[in-house]
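Asks: Predicted coordinates and the sequence they were generated for:
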There are 2 protein chains.
Amino acid sequence: MIERLAVGLISGTSLDGVDAALVRIGGPVERPSVRLLAFTTVPYPSAVRLRLLKVAGGEAVTSGDVSDLNFLLGELFAAAALRVCRQGGVAPKRLSVIGSHGQTIFHQGRSRPRSKLGEGRAAGGGGGTDRRQLASTLQIAEPAIIAARTCVPVVADFRTADMAAGGEGAPLVPLVDYLVLRDPKRNTIALNIGGIANITVIPAGALVEKVFGFDTGPGNIVMDGLVRHFTRGRESYDDNGRLAAQGKVIERLLGDLLRLAFFARRPPKSAGREQFGGALLERHFLSRRGTSFKDLVRTASELTARSIAEALQRFVFPRLALQAGRDRLVVSGGGAHNRLLVARLAELLPQLDVRLSDQYGLPADAKEAMAFAVLADRTMHGLPGNLPAVTGARRPVVLGKVSQP
Amino acid sequence: MIERLAVGLISGTSLDGVDAALVRIGGPVERPSVRLLAFTTVPYPSAVRLRLLKVAGGEAVTSGDVSDLNFLLGELFAAAALRVCRQGGVAPKRLSVIGSHGQTIFHQGRSRPRSKLGEGRAAGGGGGTDRRQLASTLQIAEPAIIAARTCVPVVADFRTADMAAGGEGAPLVPLVDYLVLRDPKRNTIALNIGGIANITVIPAGALVEKVFGFDTGPGNIVMDGLVRHFTRGRESYDDNGRLAAQGKVIERLLGDLLRLAFFARRPPKSAGREQFGGALLERHFLSRRGTSFKDLVRTASELTARSIAEALQRFVFPRLALQAGRDRLVVSGGGAHNRLLVARLAELLPQLDVRLSDQYGLPADAKEAMAFAVLADRTMHGLPGNLPAVTGARRPVVLGKVSQP
């Protein structure tokens, strides 16, 4: 298939800013070559980030606030797309498509009893009898704005079609992991440590139907939340795990956290700010007066490492024919820069060869944005982008909605 | 062009339920024939309507509430589409497209100073310096759900692309009015009286570029709000203007209302619940203790008639070569059933021949839903659907986002 240029845009659960990746896609659709030409992150202005924290944190807002942020983020995403094109020396009109994940402000992968949500909320459901909160997801950053500013077709809202087909709408990167990382002889586990951590399991030589994956739980979200809280927002993450390295694990707290119901749930499963955001931080960490900040960060770091390792031991290794020393754990996302965290993963998982995704043409920070460029390219070719074994959907579906410029 | 079947879906500002129109579209794209095969309205369950009133009324909610309603309304819109197909004896798989307007929960056609919005709201804008609230619009009723349940491609979110091009995102029906109602010899004014009233002006023999239109202000929204309030929700509208006919106009109140800034603003302009919803009702009507309910409804009815007539006299007649007795006012929307209102319009506008749109193959209740079927059909053919002279956009654009089933 002819080579084409595409941009992928995403802002993750950490609400830091917009990641933009410019890629060249070539080769057959079933085994595309994906090359990163440029990558940039455009941080959110602090006033925007504060508004997003409120909206995505479950605080009460008006529909006008959501609408306003949707259009405002559309402008910011468009600016990021234009910037990465400039950086890569590519005129935007040469792009075949922009894939925009948008900014998630709500994600509930499965329906759940409404009664858990507290009082004062109107009854939901068809006739007032259905007391469950539906599975639903909401991403913002208006694609019509991105299309108008760039003059490029935009695919966005990738999660809804999978959910309409009964899936959890996440994770969606696994298909791209499969397309780019599969190996005929080695089992490959792609681990992305963003706000949330998720894995894609690609058995050696497997057909796409055999790929599976799920969210393992927190990635950086708890650590970042602690650093932001204790530095009063001056710092936003634990650079290279330096703070954590000075603390020690609070075993009792770690034990409590590892017993959260999410970790025991069988995959497929997806997580977000709802499970591991501010509420968890308040309840388990900030309520402990007098505890050392560094010990809390160390415990959060260990929670991420242990929950990933235990998810692999419980739900992945029993399904793989492991081959000592050959199988790979390919780490990407912001957490790949946290040396302490990566080292702990290597200790906890001696049976795997731990590598960074950069080695495979997927720079850790850029990988997710690249993935949405590839997924948008598939949508424009009428190809499905979800993996039912990963999301729980009833069938593969074409993801996203297409906006013309 | 080959004949094709399409469904249009809309729920208006009155938040009553979902209108679904099944149409056959044929003839050349520039002069399509549009025939209504079936029409149905599926009322919202009362619990859903209460939630919508809250969300669309500017009350504080969480992003989870918006997300949940988006998916729930997707199911209700899908059910309405399937019902109108059943009613028309057409298998859904025979449809070429479904056009879903969705449910507007926020619409702000132009940016405005943020300071008007009250305190406690975080600063907006790119760097915290921009204190304006952006123009934005937000429709819900998840199209991916509609596509999945019907197995038909869905075009939705019609207003955003026009706004991204600098338009107010409304009204959008005028292009369809032009396609269906234009006449080589007679000036035609299409008036739709929904919650909000809007007009499309089609000068005799005009090219599409000469068509213009705008929202004139309240349609039924104020009358309906009064009836709901005073009957405690038992009734939702003034059937045939019977209540109003028993009241008399409160001239002073009417005068105050006709001096609202919206009416003096030059078109293009669009209105919604923000200008003429609950807040206006509270401030001007419900605050008048001891006033006869019927007098209030009569005054609201007169407000609608007078604001329409005055908008025509101020902003339309000066731009038309009127030909006494030939020019037409073609009335549609729920207000077309209000005999008192239509009679008052005929009295106030003796220079026009007042007709109901039913006469022209566009039944009053079904017209807006039919229009979104036609607009979706245009999007699928890559044709623009907005009229820049009507919405204020810088250029004609392809409207909506396409979701594949």
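Replies: Cool, got the structure.
Asks: In PDB, please show the C-alpha coordinates belonging to stretch A:211-229.
Replies: Once side chains and other backbone atoms are set aside, the C-alpha atoms of stretch A:211-229 remain, and they are given as PDB (Å, rounded to 0.1, in the frame of the first residue of the first chain):
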ATOM      1  CA  VAL A 211      -3.800 -11.400  21.400                       C
ATOM      2  CA  PHE A 212      -5.200 -10.300  24.700                       C
ATOM      3  CA  GLY A 213      -4.600  -7.500  27.100                       C
ATOM      4  CA  PHE A 214      -6.100  -5.400  29.900                       C
ATOM      5  CA  ASP A 215      -5.400  -2.500  32.300                       C
ATOM      6  CA  THR A 216      -3.400  -3.800  35.200                       C
ATOM      7  CA  GLY A 217      -4.300  -0.800  37.400                       C
ATOM      8  CA  PRO A 218      -2.300   2.300  38.300                       C
ATOM      9  CA  GLY A 219       0.600   3.400  36.300                       C
ATOM     10  CA  ASN A 220       1.900   6.900  37.300                       C
ATOM     11  CA  ILE A 221      -1.400   8.300  38.500                       C
ATOM     12  CA  VAL A 222      -0.900   7.700  42.200                       C
ATOM     13  CA  MET A 223       2.700   8.700  42.300                       C
ATOM     14  CA  ASP A 224       2.000  11.900  40.300                       C
ATOM     15  CA  GLY A 225      -0.900  12.800  42.500                       C
ATOM     16  CA  LEU A 226       1.300  12.500  45.600                       C
ATOM     17  CA  VAL A 227       4.100  14.600  44.100                       C
ATOM     18  CA  ARG A 228       1.700  17.300  43.000                       C
ATOM     19  CA  HIS A 229       0.000  17.300  46.400                       C
END
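Asks: Off-centre distance for it?
Replies: Centroid separation between stretch A:211-229 and its chain, computed with Cα atoms, centre = their mean, to the nearest Å, is 9 Å.
Asks: swap in stretch A:15-34?
Replies: Averaged C-alpha coordinates place stretch A:15-34 at 15 Å from its chain's average position (Cα atoms, centre = their mean).
Asks: give the contact list for the nearest residue to residue A:26 once chain neighbours are set aside.
Replies: Take residue A:26 and drop its neighbours on the chain: the residue closest to it by Cβ to Cβ, 6 or more residues apart in numbering or on different chains is residue A:3, 4.1 Å away. Where C-beta positions appear, they are placed from N, C-alpha and C, glycine not excepted. For residue A:3, the residues meeting the contact criterion (Cβ atoms under 8 Å, 6 or more residues apart in numbering or on different chains) are A:24, A:25, A:26.
Asks: SS state for residue A:213?
Replies: Secondary structure, DSSP: H, G, I helix; E, B strand; the rest coil: residue A:213 is strand.
Asks: circling back: I'd like the distance between the residue nearest to residue A:26 and residue B:153.
Replies: Between residue A:3 and residue B:153 the computed distance is 28 Å (Cβ to Cβ, to the nearest Å).
Asks: Also residue A:309?
Replies: Per Cβ to Cβ, residue A:309 is found 44 Å from residue B:153.
Asks: again, but for residue A:74
Replies: 23 Å.
Asks: gap between the helix or strand residue A:197 falls within and the chain center?
Replies: Applying DSSP states H and E as the criterion places residue A:197 in strand A:196-202. Between the centre of strand A:196-202 and the centre of its chain there are 10 Å (Cα atoms, centre = their mean).
Asks: what comes up buried for that strand?
Replies: Buried residues in strand A:196-202, counted by 16 or more other Cβ atoms under 10 Å in any protein chain shown: A:196, A:197, A:198, A:199, A:200, A:201, A:202.
Asks: Any idea what the first one is bridged to?
Replies: Beta-bridge partners of residue A:196, counted by DSSP bridges, are residue A:218.
Asks: Thought residue A:214 was touching it, still the case?
Replies: No: here residue A:196 lies out of contact with residue A:214, judged by Cβ atoms under 8 Å, at a distance of 10.6 Å.
Asks: circling back to that earlier point, now tabulate the contacts of residue A:3 in JSON lines and tack on secondary structure, pLDDT and distance to residue A:182.
Replies: Conversion of the contacts of residue A:3 to JSON lines gives the following (DSSP: H, G, I helix; E, B strand; the rest coil; pLDDT from 0 to 100; distance: Cβ to Cβ, whole Å):
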{"residue": "A:24", "secondary structure": "strand", "pLDDT": "97", "distance to residue A:182": "20"}
{"residue": "A:25", "secondary structure": "strand", "pLDDT": "96", "distance to residue A:182": "17"}
{"residue": "A:26", "secondary structure": "strand", "pLDDT": "93", "distance to residue A:182": "17"}
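Asks: so can I have CSV of those residues showing neighbour count?
Replies: Below are these laid out as CSV (neighbours: other Cβ atoms under 10 Å in any protein chain shown):
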residue, neighbour count
A:24, 17
A:25, 23
A:26, 13
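Asks: of those residues, closest to residue A:399?
Replies: Using Cβ to Cβ, the shortest approach to residue A:399 within the contacts of residue A:3 belongs to residue A:25, at 16.1 Å.
Asks: close enough to count as contact, the closest one and residue A:8?
Replies: No: applying Cβ under 8 Å as the test, residue A:25 and residue A:8 come out as separate, 10.4 Å apart.
Asks: what is in contact with those two at once?
Replies: Taking Cβ under 8 Å, 6+ apart as the criterion, residue A:25 and residue A:8 both touch A:373, A:374.
Asks: Name all residues that make contact with the closest residue to residue A:393 other than its chain neighbours.
Replies: Distance criterion Cβ to Cβ, 6+ apart; nearest residue to residue A:393, sequence neighbours excluded, is residue A:167 at 3.0 Å. Counting by Cβ under 8 Å, 6+ apart, residue A:167 touches A:268, A:386, A:388, A:391, A:392, A:393, A:394.
Asks: which of those residues count as buried?
Replies: Buried positions within the contacts of residue A:167, assessed by neighbour count (16+ other Cβ under 10 Å), are A:268, A:386, A:388, A:391, A:392, A:393.
Asks: Thanks again, I'm all set now.
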